[in-house]
Structure formats: C-alpha cells, structure tokens
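A.B. asks: All I have is the shape, not the residue letters:
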C-alpha cells in the first residue's frame, strides 16, 4: 500500500555536501591469484549498496568507486558520497473516503485508527483519487539517514559478501569467515571513522605499512593522504604502480647484460600481487645446467620459483634469472645468494631425474602404466594406450585414403604407444605440468624419429582455444585419438561434464578435436570417428558397448564446442553456423567452408527475402506435417496449373542443376549466388498461389513442390536458420 | 669414547672451521626455537615414539587441537617419509627429516608476528631477507585433517608451513589452532650457507652426515629394496584389525573408568598403519586404485579415534556426536 515518492529536498544546500570514503580491509596474505577478482567484486558490491541506499547516483557510481588490492589489503576509495540520504515522502493509502468520513464529513473510527497507525493527526489525512475511487491517504516524510550511519551497516555486509573459493575461520568456528584472517580495518568517511566492527576487528583510521620495513599503526585522514603515507612505509598499494616498477627494473637489468626476459604476462601479474614493494634482482646459475632441456629449466624457474627466465640475443637460454623480491633492494647480495642456492638445488634434482629416467628406453615404462588408473570404470592408462593406438591407426588410414599422402599409420601407432609412458617417470612425478613434453624429450634423446618424438611431445595440444596445434600430422593423430577416446569413454560411463565440474577436462578435449580438424583442414567424418572410438572401447578393456544414443550425445557435445570455436575464433554468427550445421556438420572442414559462403551472401539484395521465404516454406510444411506422406513428395507437373507455380517448378529445376554443379566443385558461394536467383519465382509464387487450397491433390502437389525446393536448396545451409531483422518481419507477416 | 671425540675435533679442516663461524648449529637451532616457544607459554614436548610422517600426527597435535581447551606446545618431530629417501646421496632429500612443530590454541591475533620473531631469534634479519607467505592449504587425507594457510619462503626457500587448522579427524575445530611446521634441516643448511644438508654442522664438532648418514642409507635401502610387501601388508592388516577391535570395544553404556579406555593405543595402531602404508607405497606395491582405498581405511580409524577421544574428554561414553562433525 505504500509508495515512496521522491520529494524535493527541504534543505537543498545540505544535500549538495558530499564526502569521500577510504575503506581498507587489512588482512594476512591473500592468495595472489584472488586479489584482482576480489577487488572487482568489492566494487560491484559497494556500487549496489551505495546506489540502493541513495548515497551515490547510479550514473556516477561507476566512476566514483575505485577499488584495488595488494597482498595484505583490499582497498576501496569512493568519492562524492552524499553526506546524508535525501528525505523521501511516502504516501500510504488507507480506507475509502466513504468509510473514513460520515455523512457530515466527520472522521469515523476507521479514519482515526488509520491516522493513529500512521502516527499523524487525523486532520493531516488527505484524499487521493484512485481507479477504485476516493481513498484516504497519509503522507509522511521519511528523513534521510546520515551516510556514516549507513556505511556502518553496509561496509561489514560488503566484507561478508565478497566470495572466495575457500574461506576460513581463524578464531572461533561461529565467527565470520574470510579468505585469510582480517587484522585491521580502515573506514574513514569525510575525515571521520565510520564505526563498525567485523569479526571482532574495529574499524579505525590506522593502516599498516610493509610487514618488515613499514610502521605498524599509521593514521590516515582519508583517501588523500593514504597512498602517500603507505608509499613512505614501503607499500605500493596500486597494482599498476607495482607492475610498472617491476617492468622498469626488468628492463634496466636485462638491458645492462644485453639479455631479454621471457614474455610472461601471467607471471608478471602473479608477482605484482605477491609483493607490496617489489624489486627485481638478477641471479645466476651454473651454465652446466644448460645441458638440460630449456622446457625443464623454465618450468623449474617459472612454475616453482616464480622467476623470469632470460635469453641471449640469439634466443638461447642464458644462465641467469630474475627474481621479484618484496624489498627495496638487496645491497648485501644475501637474498640473491639464497635464491641462487634454492635454484641450484632444484636444478640438481631435475638433473638427477633426467639421468635416472633415461637409463631405460621410454617404451620400457609402458607396463607400469597398468598400475595407473585413468578412471575406475575405464581401467588403467595401459588400457587407454591400447585404445589410443587403434584409434590413431584408424585416423591415419582415413587421412591416407582421403588423399593426405604423408599420413603415417605405423608412426601414429608408435607415437600413441609412447605417448603416456612419461606418466610414470620421476620427472613427471615431480613436474606433472611437463607431461607429454618430458616423454617427447626422452624420445628425442633416445633417437626416435622427429615425427614421433614431436608427436609425443605435442599430444596434449591444443590445451585451449589459443594454444598451438601439434606440429605434425602424427601428433594430430595421437592428440585426436587421446581426446576422442576420453570423450567417448567418459560419456559411456556417464562421467559427463556438468555446469561446474569437468574433472576429465572433456570440454577442452572436445574443443581440441574441433580445433585440430578445422585448422589442419583434416578430412574426417565426426560420426565415423566417434564410432571408431566406440569400437576401440569395445575391442579393448574395459570392453564397453557404446550405445547409439551415447554416440549421438558425444557428437552433439563436439558440435557445441565446434560452434563455440567458430564463433570465438573465426567471428561467425551463431545463426550462420547453425544454418550450415543444419545442412550437415559431419565434415567440419566442409561445414566451415559453407559457413564462409553463407556469411558472404547473407546480406545481399536477393538473399535476405529469399531466406525469409524459406522460413515461410518451412513453417507451412511444419503446419501441414502429417497431412503429407512420402509417396506424395513427388511433384506431378500436370497438376501445376497456376503459371506462377509452373514457373517456380521450372526455375527450381534449372537453378537446382546449376547450383549442384557449383556445389560439387566446392564453390559454395557461387552456388548460393545461383540459388538467390530463385527469389523472383518464389516471390511470384507466394503472391499468386495459395498453397492450402481445398482440392487435396492440388494442395499436396504444391506442398511437395515446396518440400522439394526446401530440401534441394538446403544442402549447403538451412537458410531458415538465419535470423535477420528483415527476415523476422517477413516471417511474422506470413503467419 | 672421550679420546675419540677429541680426535675428531683435532682433524677439523680449516674450511670446516670457517664454516663454523656462520649460522647456528643444527642443535642450537633446535634449542633456540624450543627456548623461544617455551617463552611464549608453550609446553616443551618430546618427539612421538611411533614412526610418523609429520609432526601433525603426534597426538599433541592431532588430539590436542580437538575440543575447547587452550593449549600451546612445541616439539621436534623426526618425520619418516619412505618414498623420499635417496640413500643419503641426494643433497636435499631425506628419508627422515626433522620438523619443529608448534601448536597455538586458540590462534592468537599476532600469530604471524610471533612466528617471524622466532626467525629473528635464530639470526635472520627480517629486513634484509625476502620473506613471504605464499598460499598453500595443507591437507592430510589419512588424518582427515586440513587447514588454510601458507608456505613461508625465505629467499625462495620453503622453510615453514603455516596453517590455521580447520579440521582434524574429520571434526570441525573450534577454537581454531595455528600450526607451525618448521623444516629444521633446510633452515639449518640455509643459516650455515651449505648446499648439502649432510654438510650441516649438527654440533660444534659433528656434522649431519656423521650423525645421520647410516640411517639414511639403511632405511632407504629397506624401504626401496628390502621391505617385503606381503609381510608389510600383513602388518598393516594386523594393526588395522587391532585398532578396530579396540574401537569396537568402546562401552555401549556409561561405565566407570572410562578414562582408562585405551583410545591412545588405538591411535598408535592407526599411526603404525599410516607408516606401513607409506612403506608399501615407496616399495611400489600399491596400485593407484588401491591407494585411495588404503588411505580411506586409515582415515576411518583416525576419524573414529578423534570422535571417541572427544567423548572420553567430556567424560561420557554415549555423548551425542560432536556438534562440529564435518563431512
């Protein structure tokens, strides 16, 4: 019954006044990878509350809230917050006037009790006109609250609402949770503390400097002196400032030695959030370690120690590294010596693994795979390798017979046999992220042919949409065999990805399959490949029969990822992809060529209305479905008596023949151009001919004409899938 | 013996004498840290006398963090990891390394500062080193225990696991304890500036090699080459059965002398299972599938021990399940 109405302010001058907020959640070290997301979330939460409480106008809220973070703090600076909410007039409707006042206009009990309930005298009640008649109403002015008061409730809520992958308790299990213990909170609004507490920590005006180099209790007056005071206490609170310092120092150090740091945006981001006051130091390692493969050295430096690897001008790895430390410098060289010692130990370990593993040929590790479970219902990796080998051979045979003359059946078999052997080596146990790569390096060292060691090395590729493909065709065969087997096998036992969980990375596998086929332009029938993988799963352990329905599920899953890839990577619209896929998607390379043709022609003069007509045809056919049986799909020319239908029939035959000729030559675009010449005849047909006539023979014959037309001209793409504004209008008219 | 001691001292090379000037000896490191933490009201405990893989498995951690009573304790815990043995030939890997374990229950607000001051106490100038707390959530599937925290890095070297314990024996903890686990061997190597842990000075005139090498060689050999899988498996099963037998004997009604019920013995048997499992694992005698199953068997014992221990502490055999029972 109540409706808040914004009223004009009684004290306009007071409302103009605004203040700035400094809000800092000080805590023990937040995991570096989470800070950026949390600060973005903090901004969204504050924006939501400040707008809903009328402290910020919606349009300015985006620009006036600034959030950022460092290892021990999440910070929000909010400018120009209203000092108090605007007053709001609320109007509450009461009983009808006829009930509230008697014949002589005196208030009744009803009016009095309503006024009492609203807390105003009866004389202040007013009358409002509603669609239901005249009613009594009470107007109330709700006085806006001071911002500081609202902040005291909103800020602790905001802390609570930030979501984390895994939060914790740190004192009692019934208290508040956060990503790590909160140790201080700064909440200063318009120069004063906005008082509240969260998890027994009281908000105040004191921040903390660098853990070792700064002061502990630093009073701040608000956003204006905050950053400067922290800087003096060795905290660069803005990530950009930290990143720039790191980049500048990397540049200075590498330029001096004429070296180049490996580009690594992710590592740069990580170290930006691992340090409050980052500095870069250069360390050295014994150049004898350079005998180890670069991949291993980089993994140790980057993954484990978060060091940047360095290379010389001619691109070779240099026996130097860059470490980012949380100090202004290392004047005594002690930090450098420490980092060098740690790296030396790590490299010695890697060297030990390298030498131990290489004492045996890679293939000798194969029997050990029997003890490594892939999935409890799907057996071991040894079983998976058996299935992969059969599938890799099959793929190479397909390509060979499809005209890819260098497809190597025996080589694909050998590469699949070796692909998973490194899983039981010391090196991969220590550095799981190097699986595949290590096997490839061992195979190279043991003089396997280039085609094969590279195939082993690359067979996990592509690991994502932007990753490279396996370098050679054998690598593509092994990669596809691995991924297709995972997809079919996991679907067969119901281990399918759900919204939040995809433990076998099947989405990535399916994307990889689509990417390899599309980008290598490999001739391959998806349904045949899925059925080959199913056969392999039946021939080898666990000897599971894969039903038609599951195979169809896998196909749909693959096509969905192919759609995604074509949209994201090639920039096609979903309706273009759907149109071509509706015609056929079994050969992805061919489907992609048809999409190119559809995209090229979809906005041409004749094509837009033609596409709309096809949609209309499909609607007519769908509505009449059931009334039409197969025997009557044949058009009987003698029943075509309207000139327009005879013309359509004739031009369809002529144009159909022409389009088919071009289609067979793979000239999809030309074929579509030819098809679009149908437009005048189609238009004339719909202008002059009624399809759903009484005479059932004529009606059926016309439906057959349209049915054939749709079928014949939808082999490149189903144009009725195309969505355009014009098509929408036209299809609506036809109903 | 006395004369032999003197001889070793006499034959010190000049290089070794120089080394002596740098960093605390292994034993002084241990003593300094124990002294530091006893000054912080910690009880000084002894290492547990059953083979364990980590200081967390000592009842002074596993059981003490359960329930409401405040407690502070420090102890060294030689920790056996059969799979990590390298016959004493690898400069960084050990069959048995030495942890220094600290439990602060409940967790004080200045836990990080207390820890960092302990580093200062052993001679690390906090302003001159790159010390950082990097995310590392600790978990022990065999104990049903996990916590949230960091590994502490000193100039890139992992020296301590710092954990706010959330669960032990599958039971949600309240209050929360802080667990600090120092890797004493590598800290000593760092302080002394040596690359090989066997070069660490244990005392004024004995090296880590002299004190421990025989153990590393022989236990690595036993774990990898000698241990009989069938008999080890049998021992696992015997210990498991005995632990179960005890746990199953828990009184079904309130009895006198509940405090004599040997939950602690059942826990020792659980620890033996855990060690025997590690031994089988190192021997390569466990398949991946079996692995998860055996870990589950040890965890089930640990979870029951934790539950019954809490009931025993509250003095009742039939107490309802602890409220904090987690998944």
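C.D. replies: Sure thing, it's come through. Note that the coordinates shown come from a computational prediction; the quantities given were computed from them, not determined experimentally.

A.B. asks: and the chain, what are its domains?
C.D. replies: I went with chain A, as the question did not name one. According to automatic domain parsing, chain A comprises the domains A:2-85+A:146-232, A:88-142, A:239-357, A:374-571, A:593-733.

A.B. asks: oops, chain B please
C.D. replies: For chain B, the structural domains run B:2-221, B:227-313, going by automatic domain parsing.

A.B. asks: which residues of the chain score low on pLDDT?
C.D. replies: Just going to use chain A. Counting by pLDDT under 70, chain A has low-confidence residues at A:1-16, A:625-632, A:724-735.

A.B. asks: actually chain B
C.D. replies: For chain B, the stretches with pLDDT under 70 are B:1-21, B:287-289, B:319-327.

A.B. asks: now the spatially most central residue of it: how far from residue A:590?
C.D. replies: Central residue of chain B (Cα atoms, centre = their mean): residue B:55, 1.6 Å from the mean position. The gap separating residue B:55 from residue A:590 is 64 Å, by Cβ to Cβ, to the nearest Å. Heads up, the C-betas are built off the backbone N, CA and C, glycines and all.

A.B. asks: With residue B:245 instead?
C.D. replies: Here residue B:245 is placed at a distance of 69 Å from residue A:590 (Cβ to Cβ).

A.B. asks: Counting neighbours, go ahead and name the busier of those two.
C.D. replies: Between residue B:245 and residue A:590, residue A:590 has the larger neighbour count (other Cβ atoms under 10 Å in any protein chain shown), namely 18 against 11.

A.B. asks: still on that earlier bit, tell me how far the residue nearest to the centre of chain B lies from residue B:161.
C.D. replies: Counting by Cβ to Cβ, the gap from residue B:55 to residue B:161 is 10 Å.

A.B. asks: Quick check: phi and psi at the spatially closest residue to residue B:271 that is not a sequence neighbour.
C.D. replies: Counting by Cβ to Cβ, 6 or more residues apart in numbering or on different chains, residue B:271 lies nearest to residue B:50, which is 4.8 Å off, once chain neighbours are set aside. As for residue B:50, its main-chain torsions (degrees, to the nearest 10) stand at phi -120, psi 150.

A.B. asks: for residue A:614, same thing?
C.D. replies: Dihedral angles phi and psi of residue A:614 (degrees, to the nearest 10) take the values phi -60, psi -40.

A.B. asks: cool, residue A:689 as well?
C.D. replies: Backbone torsions of residue A:689, given as degrees, to the nearest 10, read phi -120, psi 130.

A.B. asks: got the contact list for residue 278?
C.D. replies: Just going to use chain A. Residue A:278 makes contacts with A:236, A:242, A:245, A:246, A:271, A:272, A:324, A:325, A:326, as judged by Cβ atoms under 8 Å, 6 or more residues apart in numbering or on different chains.

A.B. asks: I was thinking of chain B, sorry if that wasn't clear
C.D. replies: Counting by Cβ under 8 Å, 6+ apart, residue B:278 touches B:53, B:80, B:81, B:82, B:83.

A.B. asks: Please look at the first one and residue B:81 and confirm they touch.
C.D. replies: Yes - Residue B:53 is within contact range of residue B:81, at 5.6 Å (criterion: Cβ atoms under 8 Å).

A.B. asks: Between the two, which is the more surrounded one?
C.D. replies: Shown here are residue B:53 and residue B:81; by other Cβ under 10 Å, residue B:53 has more neighbours (22 against 19).

A.B. asks: tell me the phi and psi of that one?
C.D. replies: Per-residue torsions, residue B:53: phi -90, psi -10 (degrees, to the nearest 10).

A.B. asks: How many residues are close by the closest residue to residue A:361 other than its chain neighbours?
C.D. replies: Counting by Cβ to Cβ, 6+ apart, residue A:361 lies nearest to residue A:446, which is 5.8 Å off, once chain neighbours are set aside. Using other Cβ under 10 Å, residue A:446 has 14 neighbouring residues.

A.B. asks: and if you look at residue A:135?
C.D. replies: Number of residues near residue A:135 (other Cβ under 10 Å) recorded here: 19.

A.B. asks: same deal with residue A:83?
C.D. replies: Around residue A:83 there are 17 other residues, counting by other Cβ under 10 Å.

A.B. asks: right, and it touches residue A:21 too?
C.D. replies: No - in this structure residue A:83 lies outside contact range of residue A:21 using Cβ under 8 Å: 11.3 Å.

A.B. asks: quick one: the one residue in the stretch 601-735 of chain A that gets nearest to chain B from residue A:578, how far?
C.D. replies: Using Cβ to the nearest Cβ, the single residue of the stretch 601-735 of chain A nearest to chain B is residue A:723, 46.4 Å away. Residue A:723 sits 9 Å away from residue A:578, going by Cβ to Cβ.

A.B. asks: Compare the two (neighbour count), which wins?
C.D. replies: Neighbours were counted for residue A:723 and for residue A:578 using other Cβ under 10 Å; residue A:578 has more, 19 against 16.

A.B. asks: out of everything not next to it in sequence, what's closest to that one?
C.D. replies: residue A:721 (4.5 Å).

A.B. asks: circling back to that earlier point, identify those among the contacts of residue A:278 that sit within helices.
C.D. replies: Counted as lying in helices by DSSP state H, out of these, are A:242, A:245, A:246, A:271, A:272.

A.B. asks: SS state for the residue in the stretch 101-250 of chain A that chain B sits nearest to?
C.D. replies: The stretch 101-250 of chain A approaches chain B most closely through residue A:173 (3.5 Å), counting by Cβ to the nearest Cβ. Here residue A:173 is coil, with the state taken from DSSP: H, G, I helix; E, B strand; the rest coil.

A.B. asks: That one reaches residue B:177, doesn't it?
C.D. replies: No - the criterion here is Cβ under 8 Å, and residue A:173 misses it with residue B:177 at 11.5 Å.

A.B. asks: tell me which parts of the stretch 101-250 of chain B are close to chain A?
C.D. replies: Within reach of chain A by Cβ under 8 Å from any Cβ of the partner chain, the stretch 101-250 of chain B has these residues: B:106-107, B:109, B:112, B:116, B:126-135, B:137, B:148, B:150, B:154-157, B:164, B:166, B:172-176, B:190, B:193, B:195.

A.B. asks: same thing but 6 Å
C.D. replies: Counting by Cβ under 6 Å from any Cβ of the partner chain, the positions of the stretch 101-250 of chain B adjacent to chain A are B:107, B:126-128, B:130, B:132-133, B:135, B:148, B:155-157, B:164, B:172, B:174-176.

A.B. asks: longest helix in chain B, by residue count?
C.D. replies: Under DSSP H, chain B gives helix B:288-313 as its longest helix.

A.B. asks: Give the buried residues for that helix.
C.D. replies: For helix B:288-313, a neighbour-count test (16 or more other Cβ atoms under 10 Å in any protein chain shown) marks B:294-295, B:297-313 as buried.

A.B. asks: For the stretch 351-500 of chain A, just list every one of the strands.
C.D. replies: A:373-375, A:379-380 (DSSP state E, counting those that start in this stretch).

A.B. asks: ok, now how distant is the residue nearest to residue B:211 when sequence neighbours are not counted from chain A?
C.D. replies: Leaving aside its chain neighbours, residue B:211 sits nearest to residue B:202 (4.8 Å; criterion: Cβ to Cβ, 6+ apart). Counting by Cβ to the nearest Cβ, to the nearest Å, the gap from residue B:202 to chain A is 20 Å.
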